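Colleague: test case, fold it:
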Amino acid sequence: MALEEIKEKFVGVWKLDRSENFQEFLQEVGVGLPLRKMASLAKPEMTISIENDNKIKIVMKTGFFTQEDCFQLNEEFLKEMQGTLMKAIASYEDGMIKMTNTPVDPNSKVKQQVIHRERVGDEIILTLYTGNVVCKRYMKKIG
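Modeller: Purely as a prediction, here's the structure:
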């Protein structure tokens, strides 16, 4: 049921339209100034698909960076973010794909990040939480 709803609402190719508090988010998660400047100028594309094994695949691409997550809902998986190994888990609740990324190393300087993907009208809104910072990124469907 959840996969059918995700397929209907989220599957496709999406491009960043605008952001709120993105620089602050990047700073809070420890991204250095040069990379923050590059990232704030990028207009990433996000591709969401359902794979044959019923895994959800989310690929975020910019000209200099690609992040790919492939996961089953409610099953923990490992991923690397900014050179840090993270435990991640995703769920589908309240019409949103919710993902929590937690550093494997409890002494890591990287903070836990929570990402909600929500379909609102013709956009997907990514709401990113870390520390006391909330960032919103608005994606428009292009394919």
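Colleague: for the rest of this, base every contact and every neighbour count on C-alpha atoms.
Modeller: Will do.
Colleague: ok, now which ones touch Leu3?
Modeller: The contact partners of Leu3, taken as C-alpha atoms under 8 Å, 6 or more residues apart in numbering, are 50, 54.
Colleague: tell me the SS of it?
Modeller: Reducing the assignment at Leu3 to three states with DSSP: H, G, I helix; E, B strand; the rest coil gives helix.
Colleague: could you do Met38 as well?
Modeller: Using three-state DSSP, the structure places Met38 in helix.
Colleague: for it, grab the count of nearby residues.
Modeller: If you count neighbours by other C-alpha atoms under 10 Å, Met38 ends up with 11.
Colleague: next one: Ser91
Modeller: For Ser91, using other C-alpha under 10 Å, the count is 17.
Colleague: ok, then the element right after the least confident helix or strand in the chain by mean pLDDT?
Modeller: Within the chain, no helix or strand scores below helix 33-41, which has a mean of 80 by mean pLDDT, DSSP states H and E. Proceeding N to C from helix 33-41, the next assigned helix or strand is strand 45-50, under DSSP states H and E.
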